[in-house]
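> here is a sequence with its predicted model. Questions after.
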Amino acid sequence: MTVLAGRKIPWNSLGAAIAVSALVVGLWETVVEPDLFSYLALGRWIFHNEALPHGNPFTYAATPRPWVNHTWPINLLAYLVHRSFGFGGLAVYRWALGLFTAAILYIAARRRGASHLAALSGLALSALFFAPAFPLFLARNFEYCFFAANLLLLEETRTERKRTALVLLPLLYLLWANCHMSVPAGFIVMGLYAACGLFSRPRPHGLLAAGALCFAATFVTPFGFKLWENFFVSLFSNPQDYGGEWLPINRAIEIGFDTDYIYPFLALLPLAALLFIFYRRDITARAVLAVTAILAFSYARQVLLFVFAFAVYAPKALDEFGAAFARRPAGRRGRLVRAATTLALLLAAAVSGGELARKAATLPEAGQPFAHIVPARPVPGSTCHMAYPIGAVSRMKALGISGDVLTYSLWGGYVSWEMYPRVKSAVDGRIFEEETRDVFDDYVRFYYGLRGWRRFLERFPPDYILVHAGSLADLNVAGLRSWREIYRDELSALYEKKNG
């Protein structure tokens, strides 16, 4: 504790209060992600058919690529939780997983020798990023939990608990490969630990052997080697994600994609650079942070990997910065470095704190922490900016509509959850990993009114078209004599194909 005006300041308790408050605000997200509806629909299908589908049963457009649904256990889990406890059960599960991951990051930072206060500071600086890491309720939640667990176990391989960690690593990768195909991120970090370990004693022979078992474990899935085949096909031939999460950061910023956490990530970079250049010469931490930063700049979604790595490695460096600050280093260079690091720390805290404060101000609109919102219009402050065609789907149900509907890809899962098997969508949110480039491009031309927009209608003729009201797709379809409007609200427009 620090004595101030005759009173002791309980820094550890204050740090814990700030970190927990920041995590609560960061995790507070009640808007349902569009992929969740796809998860629920697929989980329901698996539950009732007691099998895995060979193709996407919810879309009518051709799916020429083999469908490797690497998230099937999470689809089934989501459906079972929802079936028993509703959306509230999914919310509780999400909160538990998010807080559990925060605990893992805290323990990993402590394993590296960070003080209690510094480890809490790392969590506070990363709290803003927990909402995009833990949406309601996706396999992505497990991706980041497993990534954090991977960091902790890799740290444990350097302690007296090494044997236990080496045994647990293959089990972790077995679970990871069966829940989400982000497991290569774990291998990248493990490879960096092994490579950096070659410069120390003892050599990382045990880690290399565990790594081989981890790789073998990724083949123990219903898909075997096709899981890796699908990963590399997706990596090198997937169509560009127009939504933004797989775009480079500069392109994501240009289209305004999730800048509410991209800018705080950019604000963390100067602090990370200064801490690990001048205060913490840790080759492993430097390597992991550098590689995850490169991944983040290449794919906006991977910003979260860097942030979670920062939460593990930065606290020990913050301790060393604090010790150096207290010593008041002599010399111009020392004073400049101390001033620059102080400013970088204040910048990171101000940007993250400002975003958290802005989000906290919108919590009354977000509802209770375990609530869920399926909005007909975007909710301010939410990391999910979706709105769903609730009115149009209700109208389709009232009319007893059945057949094929061409709709916005991110509405496809919602339509499937509400109306399958009576209605199938042309595409859904999995279009990026299922379809070939020509199918994807034809869909984009249709929906965004680009040249050749009729081609998708000709290749995959629908019975109904459901699009955003006022969009180019809406205007184009309204001009076709073979279609008539049967419903419209401020969000969506529904068209029916005329007989004859």
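It's in.
> looking at this, Phe370 is in a strand?
No - membership of Phe370 in a strand is not supported by DSSP: H, G, I helix; E, B strand; the rest coil, which gives coil.
> wait, it touches Leu90, no?
No - the pair formed by Phe370 and Leu90 falls short of the contact definition of CB atoms under 8 Å, at 9.3 Å. (C-beta placed from N, C-alpha, C; glycine too.)
> who has more neighbours, the two?
Leu90 (23 against 15; other CB atoms under 10 Å).
> next, the contact list for that one, please.
Counting by CB atoms under 8 Å, 6 or more residues apart in numbering, Leu90 touches Leu36, Ala78, Val81, His82, Leu136, Phe137, His372.
> what about 10 Å?
When contacts are counted by CB atoms under 10 Å, 6 or more residues apart in numbering, Leu90 is found next to 32, 36, 39-40, 77-79, 81-82, 136-137, 370, 372.
> narrow the residues you listed to those that are buried.
A residue is treated as buried here by neighbour count (16 or more other CB atoms under 10 Å); on that basis the buried members of those are Val32, Leu36, Tyr39, Leu40, Leu77, Ala78, Tyr79, Val81, His82, Leu136, Phe137, His372.
> give the residues shared as contacts by Phe370 and Leu90.
Common neighbours of Phe370 and Leu90 (criterion: CB under 10 Å, 6+ apart): Leu136.
> now render the contacts of Leu90 as a markdown table, adding secondary structure and pLDDT.
Rendered in a markdown table, the data for the contacts of Leu90 read as follows (DSSP: H, G, I helix; E, B strand; the rest coil; pLDDT from 0 to 100):
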| residue | secondary structure | pLDDT |
| --- | --- | --- |
| Val32 | coil | 89 |
| Leu36 | helix | 93 |
| Tyr39 | helix | 94 |
| Leu40 | helix | 96 |
| Leu77 | helix | 95 |
| Ala78 | helix | 95 |
| Tyr79 | helix | 97 |
| Val81 | helix | 96 |
| His82 | helix | 95 |
| Leu136 | coil | 82 |
| Phe137 | coil | 82 |
| Phe370 | coil | 86 |
| His372 | coil | 85 |
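> in JSON lines: these, plus distance to Phe308.
Conversion of the contacts of Leu90 to JSON lines gives the following (distance: CB to CB, whole Å):
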{"residue": "Val32", "distance to Phe308": "24"}
{"residue": "Leu36", "distance to Phe308": "22"}
{"residue": "Tyr39", "distance to Phe308": "23"}
{"residue": "Leu40", "distance to Phe308": "27"}
{"residue": "Leu77", "distance to Phe308": "22"}
{"residue": "Ala78", "distance to Phe308": "23"}
{"residue": "Tyr79", "distance to Phe308": "28"}
{"residue": "Val81", "distance to Phe308": "25"}
{"residue": "His82", "distance to Phe308": "27"}
{"residue": "Leu136", "distance to Phe308": "19"}
{"residue": "Phe137", "distance to Phe308": "19"}
{"residue": "Phe370", "distance to Phe308": "24"}
{"residue": "His372", "distance to Phe308": "25"}
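> what is the nearest of these to Ser492?
Distance to Ser492 across those (CB to CB) is lowest for Val32, with 17.0 Å.
> tally of neighbours for the nearest residue to Ala371 once chain neighbours are set aside?
Leaving aside its chain neighbours, Ala371 sits nearest to Thr30 (4.9 Å; criterion: CB to CB, 6 or more residues apart in numbering). By the other CB under 10 Å criterion, the neighbourhood of Thr30 contains 22 residues.
> following the chain past the strand or helix carrying Leu151, name the next helix or strand.
Secondary structure assignment for Leu151, by DSSP states H and E: helix 139-156. The helix or strand immediately downstream of helix 139-156 is helix 162-177, counting by DSSP H and E.
> wait, Pro10 sits on Ala17?
Yes - here Pro10 reaches Ala17: they are 9.4 Å apart, a contact under CB atoms under 10 Å.
> domain boundaries for the chain, per the record?
Domain segmentation of the chain under automatic domain parsing yields 2-361, 390-497.
> switch those over to a markdown table; also include distance to Pro378.
Converted to a markdown table, those look like this (distance: least, CB to CB, whole Å):
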| stretch | distance to Pro378 |
| --- | --- |
| domain 2-361 | 8 |
| domain 390-497 | 10 |
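> which stretch among those domains comes nearest Val379?
With CB to CB as the criterion, Val379 lies closest to domain 2-361 of the domains of the chain, at 5.2 Å.
> returning to that earlier point: any idea of the mean pLDDT for the helix holding Leu151?
Per-residue pLDDT over helix 139-156 has a mean of 95.
> I'd like to know which elements it is packed against.
The criterion is 3 or more CB pairs under 10 Å, 6 or more residues apart in numbering; DSSP states H and E, and the helices and strands that helix 139-156 contacts are helix 34-49, helix 72-111, helix 130-133, helix 162-177, helix 183-197, helix 205-217, helix 283-298, helix 303-327.
> winner for burial among the ones you listed?
Here the criterion is mean neighbour count by mean count of other CB atoms under 10 Å, and of the helices and strands packed on helix 139-156 the winner is helix 130-133, at a mean of 25.
> centre of the chain to that one, how far?
For helix 130-133, the distance between its averaged C-alpha position and the chain's averaged C-alpha position is 7 Å (CA atoms, centre = their mean, to the nearest Å).
> stretch 146-158 now?
Average the C-alpha atoms of stretch 146-158, do the same for its chain, and the two points are 20 Å apart (CA atoms, centre = their mean).
> what about the spatially closest residue to Arg395 that is not a sequence neighbour, neighbour count?
Spatial nearest neighbour of Arg395, excluding adjacent residues (CB to CB, 6+ apart): Tyr487 at 4.4 Å. For Tyr487, the tally of surrounding residues (other CB under 10 Å) stands at 20.
> for Ser409, same thing?
A total of 23 residues lie near Ser409 under the criterion other CB under 10 Å.
> use 75 as the first number from now on
Noted, 75 is the first residue going forward, which turns the last one into Ser483.
> give me the distance between it and Phe520.
Taking CB to CB, to the nearest Å as the criterion, Ser483 is separated from Phe520 by 11 Å.
> list residues touching both of these two?
Overlap between the contact sets of Ser483 and Phe520, as judged by CB under 10 Å, 6+ apart, is given by Ala500.
> for Gly428, which of the helices and strands packed on helix 213-230 is the nearest?
With CB to CB as the measure, helix 204-207 is the member of the helices and strands packed on helix 213-230 nearest Gly428 (15.3 Å).
> which residues sit against the closest one?
Helix 204-207 is contacted by residues 96-103, 105, 171-173, 175-176, 197, 200, 214-215, 217-219, 221-222, 319, 332, 334-335, 375, 377-379, 381-382, 433, 455-458 when judged by CB under 10 Å, 6+ apart.
> if you set the cut-off to 7 Å instead, what comes out?
Leu97, Gly100, Leu101, Glu103, Gly172, Arg214, Tyr218, Asp332, Tyr335, Leu378, Thr457 (CB atoms under 7 Å, 6 or more residues apart in numbering).
> could you do stretch 472-489 as well?
Applying CB under 7 Å, 6+ apart, the contact partners of stretch 472-489 are 108-109, 111-112, 115, 133-134, 460, 462-463, 467, 496-503, 505, 517, 521, 536-542.
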